[in-house]
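S.K.: Sequence first, predicted coordinates after that:
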Amino acid sequence: MICQIYFQFINRLDRIVWLIILTFASVIILEYTTPPEYVFGYLYTGTILLANHNLSTKTIWRVTLSAIALTIFNLFFPNLEPHNPATIANRLIAVMALAVTGWLSIRNRYSEEAVARSQAQLRTQQQLAILREDFVSTLTHDLKTPLLGAIETINAFQNGQFGAITPTQAKVLTMMSNSHRSSLELVQTLLDVYRNDIEGIQLKRETIDLSAIASEVIANLTNLATTRQVYLFLTHNESNFRSRFFVNGDALQLQRVFNNLIVNGINHSPRNGKVEIHLASDGEFHVIKVLDSGKGISSTELPHLFERFYQGGNDSSKDNFSARASTGSGLGLYLARQIIYAHGGTIWAENRLPQGAMFGFRLPAIAE
């Protein structure tokens, strides 16, 4: 099959070469059998255009220069005699036309090659994206299966299906279950991040109350905060009286944003510290702020907090705030940014005075 295609290509090139030769011969006969006042050199453009079809740039230059030389040579052959200025001008115009045709043909060839390279790169990138998606999907599926099996086994032990367990064993099993659930959540987050990068976030929009979502997430994280000895506070418009903050959004996705930001605050707050969740409205937007009592964010980390896989680290620069600890996968804040941007909102982080950090996001408000 390959040999057949190769021979077809060679035969096609041979046909083009023969067409160029025949065109040259026809124009030469016309040129050299008629007086120089009759300029047929413009017909050489046909040979240049033929050369531009699947032949090299060097061949195009050779054909162009040959056409120019033959057009000029007709002034001296077959009769060497003086010519009037009009004849010479016509010949020079023909030469210019041939030169421009050759230059445009070569430029077109370079453009075609550049387009071909871009298309090849695009196809390669698309193939890599598909391979990456398949790899991540397969990997996460293979990781989720044993994690789910381990969690179910631990639940069976906790429920006494394999006999009674002591309080110490129950505590260890709870720690193991929490660890496996955290790993499972990390695997799912990894899959979601890659899927969102490739396909975008598919939102299931409905009218939801951000206050209700915040209260639900705080209730789910109470045990974690208690274990870390961190206090959680929720305020509505700088008041403890509950208000409603309606948006058109995906409840599950926004729940993940609240969860990621509050867990981030808990992880970076000291013992006996506090994490405050403030919900406020400025009319067109609802603004949610999560404030922790940690060490703050260094100036080198601040621009990179929402980048994928960014975890931060120790900063040796002499800033007023120490670097935040390197914890987690570096995907939580990146996923939060993906979700908020998909909702048409904005998300940011800044330092608090005298200590701590604030993570906030803003979403378009809708009427109750």
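M.R.: Structure's in. What do you need?
S.K.: make it CA atoms for all contacts and neighbour counts henceforth
M.R.: Fine.
S.K.: Isn't Arg242 up against His236?
M.R.: Yes - Arg242 lies in contact with His236 (CA atoms under 8 Å); the separation is 5.8 Å.
S.K.: between the two, what contacts are shared?
M.R.: Shared contacts of Arg242 and His236, defined by CA atoms under 8 Å, 6 or more residues apart in numbering, comprise Ser211.
S.K.: More neighbours: the two, which one.
M.R.: A count of neighbours by other CA atoms under 10 Å puts His236 above the other of Arg242 and His236, at 18 against 13.
S.K.: got the contact list for the nearest residue in space to the more buried one that is not next to it in sequence?
M.R.: Take His236 and drop its neighbours on the chain: the residue closest to it by CA to CA, 6 or more residues apart in numbering is Leu279, 4.9 Å away. Taking CA under 8 Å, 6+ apart as the definition of contact, the neighbours of Leu279 are 211, 234-238, 245, 286-289.
S.K.: So for Ala89, what pLDDT did the model give?
M.R.: Ala89 carries a pLDDT score of 89 in this model.
S.K.: what packs against whatever helix or strand it lives in?
M.R.: Counting by DSSP states H and E, the element that carries Ala89 is helix 85-158. Counting contacts by 3 or more CA pairs under 8 Å, 6 or more residues apart in numbering; DSSP states H and E, helix 85-158 is packed against helix 45-51, helix 57-73, helix 167-199.
S.K.: any idea how far the spatially most distant residue from the centre of the chain is from Ile208?
M.R.: Ranking residues of the chain by C-alpha distance from their mean position (CA atoms, centre = their mean) puts Glu81 at the top, at 69.5 Å. Here the criterion is CA to CA, to the nearest Å. By it, Glu81 lies 94 Å from Ile208.
S.K.: How about the contacts made by the closest residue to Val193 other than its chain neighbours?
M.R.: Beyond its immediate neighbours in the sequence, the residue positioned closest to Val193 (CA to CA, 6+ apart) is Leu335, lying 6.2 Å away. For Leu335, the contacting residues are 189, 193, 257, by CA under 8 Å, 6+ apart.
S.K.: Run through the stretch 51-200 of the chain and note the low-pLDDT ranges.
M.R.: 136, 141, 198-199 (pLDDT under 70).
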